[in-house]
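In: I'll drop the sequence and a predicted model, then ask my questions.
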Amino acid sequence: EAQVTQNPRYLITVTGKKLTVTCSQNMNHEYMSWYRQDPGLGLRQIYYSMNVEVTDKGDVPEGYKVSRKEKRNFPLILESPSPNQTSLYFCASSLGGLVAKNIQYFGAGTRLSVL
Amino acid sequence: GENVEQHPSTLSVQEGDSAVIKCTYSDSASNYFPWYKQELGKRPQLIIDIRSNVGEKKDQRIAVTLNKTAKHFSLHITETQPEDSAVYFCAASLPSGSARQLTFGSGTQLTVLP
């Protein structure tokens, strides 16, 4: 089954404790992206990756890191989480490249609370 | 970069009535405009999309219109049902291969009242 899988689904942590949210897709998609969703602000892009070893900042990259060592995986790293990073996070992937439609497939989401 | 504005932020309609959500975009190079529906506690899912060479597209009770000159596009839902209640996001996409792809609007919470 084609899917985007992110883990964990729920996470409560404390300020400053490094954490990683994993994202994996099995559709051989080139493009992957991380979004955060906050009330009234919609989906804001944190980082995106056009392909392996190619990553770039989205609209709200501060406090986050990503890596794309393999095509299927795109982990989101919070080196020193702060309470303002409490949010709902979505990973998404799309075919990328020279395609007519950039249909994004979303993971189920990770609800993160930073105390 | 691209900027997408979406209105209204909340919309309540009576069951059976129509609902219209409007979005504007800033980059005239954008050429693909999807709409996503997010039910409570779920992930966003694509419900309909339109490309810039098309003015209107319809899929059963859902339709999308695009005005390239004015840089706005709209989602129309007819004969609304309670299961249409959700948050709807519009988005605009630059041509494939561009460094930035989808930019989302801020969302519309649609409530269909029985």
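Out: Arrived safely. Residues are numbered from 1 along each chain as shown, chains lettered A, B, ... in the order given.

In: could you find the closest non-adjacent residue to B:Y88?
Out: B:T108 (4.9 Å; CB to CB, 6 or more residues apart in numbering or on different chains). Yep, even glycine has a C-beta here, placed from its N, CA and C like the rest.

In: run a quick neighbour tally on that neighbour.
Out: 23 (other CB atoms under 10 Å in any protein chain shown).

In: who are the contact partners of it?
Out: B:Q6, B:H7, B:P8, B:S9, B:T10, B:L11, B:I21, B:V87, B:Y88, B:F89 (CB atoms under 8 Å, 6 or more residues apart in numbering or on different chains).

In: next secondary structure after the helix or strand where B:K58 lies?
Out: Assigned by DSSP states H and E, B:K58 belongs to strand B:56-59. Beyond strand B:56-59 on the C-terminal side, the first helix or strand identified by DSSP H and E is strand B:62-67.

In: okay, A:N7: pLDDT?
Out: A:N7 carries a pLDDT value of 97.

In: now the strand holding B:K58, how far from the centre of its chain.
Out: Its chain's C-alpha centre and that of strand B:56-59 lie 12 Å apart, by CA atoms, centre = their mean, to the nearest Å.

In: neighbouring strands - and their directions - for that strand?
Out: Strand pairing for strand B:56-59, determined by DSSP bridges: strand B:62-67 (antiparallel).

In: ok, residue 86 - contacts?
Out: With no chain named, the answer covers chain A. A:T86 neighbours (CB under 8 Å, 6+ apart): A:L112, A:S113, A:V114.

In: nope, chain B
Out: By CB under 8 Å, 6+ apart, the contact list for B:A86 reads B:K37, B:Q38, B:E39, B:L40, B:Q109, B:L110.

In: can you count the residues close to the residue nearest to B:V54 when sequence neighbours are not counted?
Out: Spatial nearest neighbour of B:V54, excluding adjacent residues (CB to CB, 6+ apart): B:L66 at 6.8 Å. B:L66 has 21 neighbours, counted by other CB under 10 Å.

In: beta partners of B:L66?
Out: On the basis of DSSP bridges, B:L66 is bridged to B:F73.

In: again, but for B:K57
Out: B:K57 forms beta bridges with B:V64, as assigned by DSSP bridges.

In: quick revisit: ok, residues contacting the strand holding B:K58?
Out: B:I47, B:I48, B:D49, B:I50, B:A63, B:V64, B:T65, B:L66.

In: ok so, going back, mind pulling up the pLDDT for the residue nearest to B:Y88?
Out: pLDDT, read off for B:T108, is 97.

In: what's the answer for B:K58, then?
Out: At B:K58, pLDDT is 95.
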